[in-house]
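Engineer: The following comprises the amino acid sequence and a computationally predicted model.
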Amino acid sequence: MRLEITCEDRLGLCQDVLQILRDHEIDLRGIEVDPRGKIFLNFPELAFEDFSHLMPEIRRIPNVQDVKTVPYMPSEREHFEFSLLLSTLPDPVLSVDSRGRIDIINDAARELLADNEQTLSGTLLSQWMSGFNIGRWLEKVPKQPSVEQISVGGAKFLADLLPIWVTGDDGEDAFAGAVVTCKARPVTESWRRGGNDNAFRRVIGEHASIRRVIRDALRMAELQAPLLIEGETGVGKELLARACHEASQRAEKPLLAVNCAALPDNVAESELFGHGAGVLSSQSEAKKGILEQADGGTVLLDSVGEMSAELQTKLLRFVQDGVFRRVGEEQEVRVDVRLICTAQGDLYERVEQGLFREDLYYRLNVLTLKVPTLRERKSDILLLAEHVIARACQQLGRSLVSMSRSCRDYLSRYQWPGNVRQLENTLFRSISMLEGDKLDPDDIKLPELTAVDESLAIDLEDGSLEDAVKKFESTILKRLYPSYPSTRQLARKLGLSHTAVANKLRDYGIGKQRRKNTSRKEN
């Protein structure tokens, strides 16, 4: 039972109230005094007869204006308000005592650190996070807040550490622990960087392979020679190319891109080199091509391996001499641009197939970056997923979505043939359709990559041993190709030469070779 006593301040008023409770032998559980003229009492429920005698006696105390029952004490209301506020915060928040043991923790932090059924209160925070020694920080009895990078469940976050100091009755301050708040957006090492390194802040990854690529790209960005960036679809080749431009001395000049695979030959030539007046039609005016428009800057040739043979010849002369002619003109034009080219897979395979000029390949392949696939840096999958989720939630204007432990395991196991682009599109679609605030495996719609029509169990009753071996070999290649869609990668996996693998893929109609054969039949 709780009472609210409205009164005017008077010396000894609380003693008078307590004396009445003692006279009635009531066990007082709590008393709170509001400076604005209210006293709150908390005691066990009373029988109606006892309660009916208590109320008039309290009202007769001098300076007491009113007495009534209330459902809660002010401290209880504050407690529930605090709990509700803490539980609805999207960012993980928790407090630790001076020894680093978890005291208070909100739902977002509980989901980040462990499954719901696990007890976190009273455990050392250092058990659940790494990358920063919070125990050693607490031992120093800090007085100033600190921002540190921590690692939780394979993802990295920025954490605000706020020391707690409590002032006692004697006016002395005592250290009582800290409040830890994790930023919702995971980060990479780039948060500490400055200068040209900031150009690569959008390249997310902590795996040694991607860090090595960023380190090499930082050096190559300052050079003027052509740069070739190779990698599977969706690994972030264009993102890396733009970062190299931003980190170069040409950053103040334009970066213009041409998709060599999306434009017809005549259009691509006009877009790249420009054309003279009256070339396209009798009324058409002269137009500068992308090479002229980007003078002093950078030109990005996306999917350069798909460029036509005629355009390759004209590009080769420009790379050699730095000059070209507009379509329909004889006058030579000289510009100062840096070429950055991207190619899906290994561009030299196109050379071996006779689809790309060898002399142009060696002109463009002065500096090379090979962007690793997502399955080659699986430790970055959850880091990228957290980043994508935070960005998607911001774009959709909704509270931060968390991932269940089973969802994290599911994303980590998947092979991601579409790499980072597939991960981004999949998570954005899942968050767009999500009704709650937690992603589970059932919310992630991904195609199964291991299913094939043939079984590895080969029937030997029909056909020869050679036929059975070929069927078995074809089945193995069909299963592996989605995860290793380059003959060189697949050859390394199988321990064969890439020429042997390319021949087998062609013979069995798998992958790119199958599409070429189909197009020939249609023609």
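Structural biologist: Noted; the coordinates are in hand.

Engineer: Please name the nearest non-neighbouring residue to L263.
Structural biologist: Leaving aside its sequence neighbours, L263 sits nearest to E271 (C-beta to C-beta, 6 or more residues apart in numbering; 6.2 Å). All C-beta spots, glycine's among them, are computed from the backbone N, C-alpha and C.

Engineer: so what pLDDT did the one you found get?
Structural biologist: Looking at E271, its pLDDT is 84.

Engineer: That one and D265, how far apart?
Structural biologist: Applying C-beta to C-beta, to the nearest Å, the value for E271 to D265 is 11 Å.

Engineer: ok, back up a step: count of neighbours near the residue nearest to L263?
Structural biologist: 19 (other C-beta atoms under 10 Å).

Engineer: How about G296?
Structural biologist: 13.

Engineer: OK, contacts around it?
Structural biologist: G296 sits next to 250, 253, 336-337 when contact means C-beta atoms under 8 Å, 6 or more residues apart in numbering.

Engineer: Could you confirm it falls within a helix?
Structural biologist: No - read with DSSP: H, G, I helix; E, B strand; the rest coil, G296 is coil and lies in no helix.

Engineer: OK, contacts around the residue nearest to L263?
Structural biologist: The neighbours of E271, taking C-beta under 8 Å, 6+ apart as the test, are 258, 263, 289-290.

Engineer: which one of those is nearest F472?
Structural biologist: For the contacts of E271, the residue nearest F472 by C-beta to C-beta is L263; the value is 42.6 Å.

Engineer: hang on, the closest one in a strand?
Structural biologist: No - counting by three-state DSSP, L263 is not found in a strand; it is coil.

Engineer: what about it, how many neighbours?
Structural biologist: Other residues within reach of L263, judged by other C-beta under 10 Å, total 18.

Engineer: cool, and H245?
Structural biologist: Neighbour count of H245, defined by other C-beta under 10 Å: 22.

Engineer: Please report phi then psi for it.
Structural biologist: Note on H245: backbone dihedrals following degrees, to the nearest 10 are phi -60, psi -40.

Engineer: List the contacts of the nearest residue to A109 once chain neighbours are set aside.
Structural biologist: Nearest residue to A109, sequence neighbours excluded (C-beta to C-beta, 6+ apart): P92, at 3.6 Å. P92 makes contacts with 106, 108-109, 111-113, 157, 181-182, as judged by C-beta under 8 Å, 6+ apart.

Engineer: now A176
Structural biologist: Applying C-beta under 8 Å, 6+ apart, we find A176 in contact with 97-98, 164-166.

Engineer: How about L291?
Structural biologist: Counting by C-beta under 8 Å, 6+ apart, L291 has contacts 272-274, 299, 318, 324, 333, 335, 337.

Engineer: Would you quantify the distance from S270 to P145?
Structural biologist: Here S270 is placed at a distance of 59 Å from P145 (C-beta to C-beta).

Engineer: And the two? Which one has more around it.
Structural biologist: Comparing S270 with P145 by other C-beta under 10 Å, the one with more neighbours is S270, at 20 against 11.

Engineer: Wasn't that one part of a helix?
Structural biologist: Yes - assessed by three-state DSSP, S270 belongs to a helix.

Engineer: wait, it sits on K288?
Structural biologist: No - with contacts counted by C-beta atoms under 8 Å, S270 stays clear of K288, the gap being 10.7 Å.

Engineer: For the stretch 401-523 of the chain, which residues score under the pLDDT cut-off?
Structural biologist: Confidence mapping of the stretch 401-523 of the chain against pLDDT under 70 gives the ranges 448-463, 483, 485, 511-523.

Engineer: cool, the stretch 201-350 of the chain as well?
Structural biologist: For the stretch 201-350 of the chain (pLDDT under 70), the answer is 279-283.

Engineer: Which parts of it are helices?
Structural biologist: Using DSSP state H, counting those that start in this stretch, the helices of the stretch 201-350 of the chain run over residues 208-221, 237-246, 265-273, 290-293, 309-321, 347-352.

Engineer: Next, format those helices as TSV and append distance to L384.
Structural biologist: As requested, these are exported to TSV (distance: least, C-beta to C-beta, whole Å):
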stretch	distance to L384
helix 208-221	10
helix 237-246	12
helix 265-273	33
helix 290-293	31
helix 309-321	34
helix 347-352	26
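
Engineer: Quick check: which of those is buried the most?
Structural biologist: Each of the helices of the stretch 201-350 of the chain was scored by mean neighbour count; the highest is helix 237-246, a mean of 22, by mean count of other C-beta atoms under 10 Å.

Engineer: Quick one: residues in contact with it.
Structural biologist: By C-beta under 8 Å, 6+ apart, helix 237-246 touches 199-200, 202-203, 213, 217, 220-221, 227, 229-231, 251, 255, 257, 297-298, 300, 302, 340, 342, 369, 371.

Engineer: same thing but 7 Å
Structural biologist: Residues from elsewhere that reach helix 237-246, judged by C-beta atoms under 7 Å, 6 or more residues apart in numbering: 199-200, 202-203, 217, 220-221, 227, 229, 231, 251, 255, 298, 300, 302, 340, 342, 369, 371.

Engineer: Any of these buried? List them.
Structural biologist: Neighbour counting by 16 or more other C-beta atoms under 10 Å classes 199-200, 203, 217, 220-221, 227, 229, 231, 255, 298, 300, 302, 340, 342, 369, 371 among the contacts of helix 237-246 as buried.

Engineer: Under the pLDDT cut-off, which ranges of the stretch 51-200 of the chain? List them.
Structural biologist: Looking along the stretch 51-200 of the chain with the criterion set at pLDDT under 70, you get 88, 115-118, 153-155, 183-197.

Engineer: how about a cut-off of 50?
Structural biologist: Counting by pLDDT under 50, the stretch 51-200 of the chain shows low-confidence ranges at 117, 186-195.

Engineer: where exactly do the strands run in it?
Structural biologist: 64-69, 93-96, 102-105, 146-152, 155-167, 173-182 (DSSP state E, counting those that start in this stretch).

Engineer: Of these, flag the one that's most buried.
Structural biologist: For these, the largest average neighbour count (mean count of other C-beta under 10 Å) is found in strand 93-96, namely a mean of 22.

Engineer: pull the CA atoms of that strand into CSV?
Structural biologist: Provided in CSV are the C-alpha atoms of strand 93-96 (Å, rounded to 0.1, in the frame of the first residue of the first chain):
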residue,chain,number,x,y,z
VAL,A,93,24.0,0.5,-23.6
LEU,A,94,25.3,-1.0,-20.4
SER,A,95,26.9,0.0,-17.1
VAL,A,96,29.8,-1.8,-15.3
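
Engineer: Which elements pack onto it?
Structural biologist: Identification of packing neighbours for strand 93-96 by 3 or more C-beta pairs under 7 Å, 6 or more residues apart in numbering; DSSP states H and E yields strand 102-105, strand 173-182.

Engineer: TSV please, covering those strands and showing distance to D380.
Structural biologist: TSV is the format used below for the helices and strands packed on strand 93-96 (distance: least, C-beta to C-beta, whole Å):
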stretch	distance to D380
strand 102-105	27
strand 173-182	19
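
Engineer: Ok, which of the ones you listed comes nearest P447?
Structural biologist: Nearest to P447 among the helices and strands packed on strand 93-96 is strand 173-182; the distance by C-beta to C-beta comes to 33.3 Å.
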